[in-house]
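J.: Test case, fold it:
(one chain, ligands or ions: 1)
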Amino acid sequence: MPTFAVFRSLLRLMADRTLGLRADVAASTMIEVLGIGLGVLGPYLLKLVVDSLSAGQVSPFPFLLLVAAFVLVWSGTNLTAAWKYVFTTRIINGLARRLIEGALTGHLPKIAREREADSGRLLGMLERLPFSLQLVVDGLMGRVAPLLIQIAVSLAVIATLAPPPYVVLMIVVLVGYYGATRLSARRFQAQAEATNRAAASVSQALGDVLRNARRVVFNGNVEGEIRLVAHEGRARQASAERLAWLLVHTAGAQYLVAGVGLFLLLGLAGLDAAHGAISVGDFVLLQAYAFRLALPLGGLGFILRQSGVAIANIGDVLALVGRESRSSPATIPTTAAAITIDGAGFRYGSQWVLRDVHAEIAPGSFVVVAGPNGAGKSTLARMIAGLLSPSEGRVRVDGVEMEAIDEAERYARVLYVPQFIGLFNRSLGDNALYPPTRHDEAALRALLEDWCFYEDGRPVDFGLAVGEQGERLSGGQVQKLELARLMGVRASAIILDETTSSLDAPAEARAIGALRARHAGVTTLVLVTHRLELARSADQVIFMRDGRLTAGRHAALLEIDAAYRAFCGGDAAA
Ligand SMILES: Nc1ncnc2c1ncn2[C@@H]1O[C@H](COP(=O)(O)OP(=O)(O)OP(=O)(O)O)[C@@H](O)[C@H]1O
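T.: The predicted structure follows:
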């Protein structure tokens, strides 16, 4: 995102009434204006001190008054900088909060839908955001505007005190400085974006290793992974160094212009002062303003280097904000879904994994989707749930194509339970009662105890911290918890993508039996599974192989589909 677009978006957010930052922006601007005023006044008071000294006769009281005023103004200038920080901190926190909320609202649905979504990269991006805002809002926007004002005020003051050639000289120097900066700006921005991408790759690599700590450690590859992360780190470092060198070249050109200008200014002013054309005080004033301009311009170089990467980071986050709006609360469906799969197919990129499949799923029925690994079962399940749009044909729920329905409505109608149930690192109760379940704790506890949540019959502790991804629970317990939660969910259809894979056969039969009884007639249940115990009692089996499907009752499929017979193996006889 171009730098000015980033600035524009940030300014718009600062002015947004709902964000409540207007008062802080106004306060920080007023303090800045005060600081600039004092900053301009300081050198002028110093000139008066020097002039009164050069005049020879110094009366102590007015002189000390002048010195006191100078010291007060000097202290005030520094105090305003600290005072302003209180308000910029509020502005930065407000912006960070809004941007992080916006990015989560906009991007979470994408992460949920797409398997390739990369949460490590996003986490790094959001973690770097407050620091990036600090650099851009406080460092760049907070300094460039005052700097420009300061330049204008300094020029105006010099114009009133010094002969016109000095003003012309200063303008020429500033234009030259701007030109030297502008020349390398494009390369600088491209390199800053590359450095930001390299930083994101480090976040991604680190996130990946941390998430897979067990795989790394148990396979004895800590060294290998550290090397991999270090490799990404070196790439980031190399990119940051290239950025720093670009800045050195830019600074070289800038200071060549500024140095020549300063030499001419001080040289001419010194000679004029020596000849009495200007006073020594005027000379002091000129050099003070010249340095007042040169010092912040020099500091700007460092800010520019840091903020180039920061702007790229903020641009990335801004690009995620508002791509999807926060959905309005969905109406809770009251009838079971009828699902029609009509010539549907799906391809990932150019690779077709499903072609021209047809099936009808009756409302309120229990359907088992079975088939070998990679046959396309999850892909079909995700198409039914409206997470993937068919690449050909149509999938309709109650006669409506899912992509035509608002996202919140879509998920309220058809609830998809993914293959991997990642629990929150919260209490067992928080996970078990996670929305949209409407169960109460007592009912859920009774259910879990009935399903032998603990083999030894221990009471279920709802306050238990389950750990990251629920790792303090067994795989079967996680699935029992999820299935128990679903007992309290109201939806037109629930798609269980291998949600029973860790349960033993009796536990699976009991949990699915309970779900069927609970949702009888009001919810269509679709279970993706490799195990065929439940296929026998299902209202329909959808058997998938090589991206195609056959559908029917278990017994009928055994009759007509040799592949299904082979897939069932020993079960076929049963
Ligand atoms: N995001 C993706 N990008 C590219 N290919 C994908 C993606 N997701 C799945 N696939 C491919 O699509 C094919 C079908 O995958 P799918 O997960 O639907 O199969 P499945 O029948 O559910 O398999 P399993 O029983 O092993 O879970 C596989 O070859 C898989 O590699």
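J.: Confirm that Phe462 sits in a helix.
T.: No - with DSSP: H, G, I helix; E, B strand; the rest coil as the criterion, Phe462 is coil rather than part of a helix.
J.: Return the residues of the stretch 351-500 of the chain in contact with the ligand.
T.: Residues of the stretch 351-500 of the chain found near the ligand (CB under 6 Å from any ligand atom) are Val353, Gly371, Asn373, Gly374, Ala375, Gly376, Lys377, Ser378, Thr379. Where C-beta positions appear, they are placed from N, C-alpha and C, glycine not excepted.
J.: Could you let me know which of those ends up closest to Val71?
T.: Ser378 (73.9 Å; CB to CB).
J.: Show the contacting residues for the closest one.
T.: Ser378 is in contact with Gln419, Asp497, Glu498, Val528, counting by CB atoms under 8 Å, 6 or more residues apart in numbering.
J.: The third one contacts Glu508, correct?
T.: No - using CB atoms under 8 Å, Glu498 is not in contact with Glu508, being 11.1 Å away.
J.: quick one: secondary structure of Arg394?
T.: strand.
J.: so it touches Ile339, yeah?
T.: No - in this structure, Arg394 is not within contact of Ile339 by CB under 8 Å, at 11.1 Å.
J.: The two - which one has more neighbours?
T.: In this view Arg394 and Ile339 are compared by other CB atoms under 10 Å, and Ile339 has more residues nearby, 24 against 15.
J.: Against the ligand, how distant is that one?
T.: For Ile339, the distance to the ligand (CB to the nearest ligand atom, to the nearest Å) stands at 17 Å.
J.: wait, isn't that residue in contact with Ser365?
T.: No - taking CB under 8 Å as the definition, Ile339 is not a contact partner of Ser365, at 9.3 Å.
J.: Any chance of a PyMOL selection covering the buried ones in the residues of the stretch 351-500 of the chain next to the ligand?
T.: Buried residues within those, by 16 or more other CB atoms under 10 Å, are selected in PyMOL with:
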select buried, resi 353+371+375+376+377+378+379
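J.: The ligand contacts on the chain?
T.: Contact residues, the chain versus the ligand (CB under 6 Å from any ligand atom): Arg115, Glu116, Tyr348, Val353, Gly371, Asn373, Gly374, Ala375, Gly376, Lys377, Ser378, Thr379.
J.: ok, the fourth one touching Lys377?
T.: Read it as Val353. No - contact criterion CB under 8 Å: Val353 and Lys377 do not qualify, at 10.2 Å.
J.: Share the number of residues neighbouring whichever residue of the stretch 201-350 of the chain sits closest to the ligand, please.
T.: Going by CB to the nearest ligand atom, the ligand is nearest to Tyr348 of the stretch 201-350 of the chain, at 3.3 Å. Other residues lying near Tyr348 total 12 when counted by other CB under 10 Å.
J.: Enumerate the beta-bridge partners assigned to it.
T.: For Tyr348, the beta-bridge partners are Gln351 (DSSP bridges).
J.: and it, how far is that from Leu246?
T.: Tyr348 sits 40 Å away from Leu246, taking CB to CB, to the nearest Å as the criterion.
J.: go on, Glu498?
T.: Relative to Leu246, and taking CB to CB, Glu498 is found at 52 Å.
J.: These two: which is more packed in?
T.: Legend: neighbour count by other CB under 10 Å for Glu498 and Leu246, higher for Glu498 (21 against 18).
J.: Next up, the contacts around the more buried one.
T.: Contacts of Glu498 by CB under 8 Å, 6+ apart are Ser378, Gln419, Val528, Thr529, His530.
J.: What does the last one show for phi and psi?
T.: With angles defined as degrees, to the nearest 10, His530 shows backbone torsions of phi -100, psi -20.
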